[in-house]
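1. Need coordinates for the below:
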Amino acid sequence: MSASDSPRSSGFFDSAYGETPPWDIGEAQPDLIALFNEYPPAGPVLDLGCGTGDLALALARRGLTVLGIDLAEAAIHQARAKAAAVADVGRLTEFRVGDALHPAQFPGPFGSVVDSGFFHLFGPLDRERLARDLAATLADGGRYYLVGFAFDSPMPNAPRQVREAELRALFTPEHGWRVLALRPARLLIRSAWLGSQEAGHKAATLAQAMAKTDDANALAGSAQGLAALAARGNDVPGIAACVERVPLG
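-> Numbers count the residues shown, from 1 in each chain. Next comes the predicted model:
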């Protein structure tokens with residue numbers, strides 16, 4: 001998926017966050033938490049595509065300061081509200097509207113960068129640029145944690161497969177990286193939302209935003225893709241990775 005056909009416009013995500021989207025499960029992805037337990041993150045932390053803040057707050061509960069960035073103003077408003085509701089933890093978080101595809105623009109260096117379903121939104125060129133930017137974002141010894149789809153969605157403008165070979169090619173020793181973990185994962189989604197009859201209008205709205213069109217055939221394809229995703233339940237194949245920044249030379 002090229003940058004031109006990726007669903008990263010603020011309009012798409014603001015539309016999605018008008019309701020609770022299927023990827024917003026109300027907690028951090030368990031396979032990402034497992035990586036944190038094995039390879040503890042250091043602060044400060046940058047959360048790429050932070051959504052409504054559940055991952056950032058999970059990290060704050062570990063005593064880490066977190067800056068969450070998302071293109072969707074609606075998501076950032078919800079994240080700030082969640083943080084305000086748990087002030088003792090929320091005080092360690094900050095949420096900003098911004099383009100997380102360029103993390104080096106945010107004041108660092110960071111001890112960790114976390115990515116729950118962000119990298120998989122982009123095509124090969126943007127993924128390469130993101131990897132280069134991460135090198136300038138992390139401190140030496142800093143870690144980048146990722147979970148993403150390990151399959152191609154049939155929906156237009158939807159996440160695309162992240163492959164092990166691709167990650168190994170991007171995060172090489174020659175570019176100052178060490179792979180600590182790279183393995184299959186499972187992503188949780190709100191499959192009940194996708195499959196519920198009473199949420200049909202919500203699914204139609206999301207399908208239309210993904211297709212970026214009013215064309216009936218395109219919308220039908222998006223609806224079929226949503227149904228296929230819902231049929232997977234919480235058995236959505238993913239990939240999890242943790243890579244560490246090491247000094248060159």
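
2. Gly90 contacts Ala60, correct?
-> Yes: with contact defined as C-beta atoms under 8 Å, Gly90 reaches Ala60; the gap is 7.0 Å. Just so you know, the C-beta spots here come from the backbone N, C-alpha and C atoms, and that holds for glycine as well.

3. who has more neighbours, those two?
-> Ala60 (23 against 20; other C-beta atoms under 10 Å).

4. isn't the more buried one right next to Leu92, touching?
-> Yes: assessed by C-beta under 8 Å, Ala60 is found in contact with Leu92 at 4.0 Å.

5. pLDDT of stretch 79-90, averaged?
-> For stretch 79-90, the mean pLDDT works out to 95.

6. no wait, stretch 115-133
-> According to the model, stretch 115-133 has a mean pLDDT of 94.

7. what about it, how long is it end to end?
-> Using C-alpha to C-alpha, to the nearest Å, the end-to-end distance of stretch 115-133 comes out at 14 Å.

8. go on, stretch 61-68?
-> Terminal residues of stretch 61-68 are spaced 15 Å apart (C-alpha to C-alpha).

9. now do stretch 143-161
-> End-to-end distance of stretch 143-161 (C-alpha to C-alpha): 22 Å.

10. Mind checking the pLDDT average for that stretch?
-> pLDDT averaged over stretch 143-161 gives 81.

11. is it true that Gly142 touches Val113?
-> Yes: in terms of C-beta under 8 Å, Gly142 counts as a neighbour of Val113; the distance is 7.3 Å.

12. Neighbour count: the two, which is higher?
-> Just comparing Gly142 and Val113: by other C-beta under 10 Å the higher neighbour count belongs to Val113, 27 against 24.

13. show me what contacts the more buried one?
-> With contact set as C-beta atoms under 8 Å, 6 or more residues apart in numbering, Val113 has these partners: Val45, Leu46, Asp47, Leu48, Pro103, Leu134, Thr137, Leu138, Gly142, Arg143, Tyr144, Tyr145.

14. okay, those residues in TSV with distance to Phe171 next?
-> TSV is the format used below for those (distance: C-beta to C-beta, whole Å):
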residue	distance to Phe171
Val45	18
Leu46	17
Asp47	19
Leu48	15
Pro103	15
Leu134	9
Thr137	13
Leu138	11
Gly142	13
Arg143	11
Tyr144	8
Tyr145	12
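
15. so of these, which ones are in strands?
-> Mapping the contacts of Val113 onto strands (DSSP state E) picks out Val45, Leu46, Asp47, Leu48, Leu138, Gly142, Arg143, Tyr144, Tyr145.

16. which neighbours do Ala60 and Leu92 share?
-> Counting by C-beta under 8 Å, 6+ apart, the contacts common to Ala60 and Leu92 are Val66.

17. What's the end-to-end length of stretch 152-163?
-> End-to-end distance of stretch 152-163: 11 Å, with C-alpha to C-alpha as the criterion.

18. swap that for stretch 104-120, sorry
-> End-to-end distance for stretch 104-120: 19 Å, by C-alpha to C-alpha.

19. ok, now stretch 100-117?
-> First-to-last residue span, stretch 100-117, C-alpha to C-alpha: 12 Å.

20. now swap in stretch 62-69 and tell me
-> The straight-line separation of the ends of stretch 62-69 (C-alpha to C-alpha) is 19 Å.

21. Return the distance of that stretch from the chain's centre.
-> 15 Å (C-alpha atoms, centre = their mean, to the nearest Å).
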